[in-house]
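**Student:** would you be able to build a 3D model of this:
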Amino acid sequence: MASIFGHVALGVTLGKLLLPDPRYLRYWLLAAACAFLPDIDVLGFKLHVPYASLWGHRGLTHSLLAAAVVASGAVGIGHLARRRAGPPPGRLWLLLFLATASHGVLDAMTTGGLGVAFFSPFWPERYFFGFCPIEVSPIGVRNFVGSTVWRVLQSEAIWVVLPCAVLLTLQRFFGSPASAGR
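**Tutor:** Okay, the predicted model is just below:
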């Protein structure tokens with residue numbers, strides 16, 4: 001898997017790109033949370049859930065279906081609790097879907113693991129992309145130490161943070177389609 005840092009960086013970037021107005025900062029943070037949420041499945045290791053099972057790591061929680069459920073649930077709950085004007089629900093749904101789905105995308109670009117079950121539960125096959133430049137992050141805080149952490153963070157700086165910075169810079173200089181309607 002990619003580290004929490006890479007997932008959060010991509011989630012915040014998506015938030016800023018799709019909802020560029022600074023008043024939507026809380027939605028950028030929500031997108032960051034959605035971007036690392038699929039790793040909730042690591043709790044299965046404590047419960048002895050086999051890695052390759054539907055409920056195992058990079059299984060159902062990393063699927064596109066799970067991303068759609070998370071986005072729909074968050075937008076639905078937000079709609080019920082909304083007291084102030086927020087972003088358009090369709091744009092918010094897209095942001096939360098993309099942020100949650102981005103987790104599997106980054107994981108499918110790593111150098112280890114069993115792949116990502118993007119189409120779970122309908123097709124249990126797990127996939128890696130043909131281009132896997134991101135060093136796989138060890139699972140668990142205790143394992144995220146020493147030279148391993150530097151290799152992981154260096155690869156994420158190059159393959160996640162740098163592209164995010166480029167996109168945000170382009171948005172700053174050229175604006176974004178999302179801000180054109182303001």
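**Student:** show me where pLDDT drops low in this protein?
**Tutor:** By pLDDT under 70, the weakly predicted segments of the chain are 1, 80-84, 140-147, 176-182.
**Student:** at which residues are the helices of it located?
**Tutor:** All helices of the chain, identified by DSSP state H, fall at 4-18, 25-36, 43-46, 64-81, 89-107, 146-156, 162-174.
**Student:** buried stuff in the last one?
**Tutor:** Which is helix 162-174. Across helix 162-174, burial judged by 16 or more other C-beta atoms under 10 Å covers 164, 167-168, 171. To be clear about C-beta, it is placed using only N, CA and C from the backbone, and glycine gets the same treatment.
**Student:** can you check the shortest one too?
**Tutor:** Buried residues in helix 43-46, counting neighbours by 16+ other C-beta under 10 Å, are found at Gly44.
**Student:** need the nearest residue in space to the spatially most central residue of the chain, chain neighbours excluded.
**Tutor:** With distances taken as C-alpha atoms, centre = their mean, the residue of the chain nearest its centroid is Ala35 (2.6 Å). Leaving aside its sequence neighbours, Ala35 sits nearest to Gly11 (C-beta to C-beta, 6 or more residues apart in numbering; 2.9 Å).
**Student:** Leu47 versus that neighbour, what's the distance?
**Tutor:** According to C-beta to C-beta, to the nearest Å, Gly11 and Leu47 sit 26 Å apart.
**Student:** quick one on the thing from earlier: closest to Phe129 out of the helices of the chain?
**Tutor:** With C-beta to C-beta as the measure, helix 89-107 is the member of the helices of the chain nearest Phe129 (8.0 Å).
**Student:** looking at the buried residues of helix 162-174, spot the one nearest Pro89.
**Tutor:** Within the buried residues of helix 162-174, the smallest distance to Pro89 is 22.4 Å, found for Gln171 (C-beta to C-beta).
**Student:** okay but that closest one is in contact with Gly15, surely?
**Tutor:** No: Gln171 is beyond contact range of Gly15, at 11.7 Å (criterion: C-beta atoms under 8 Å).
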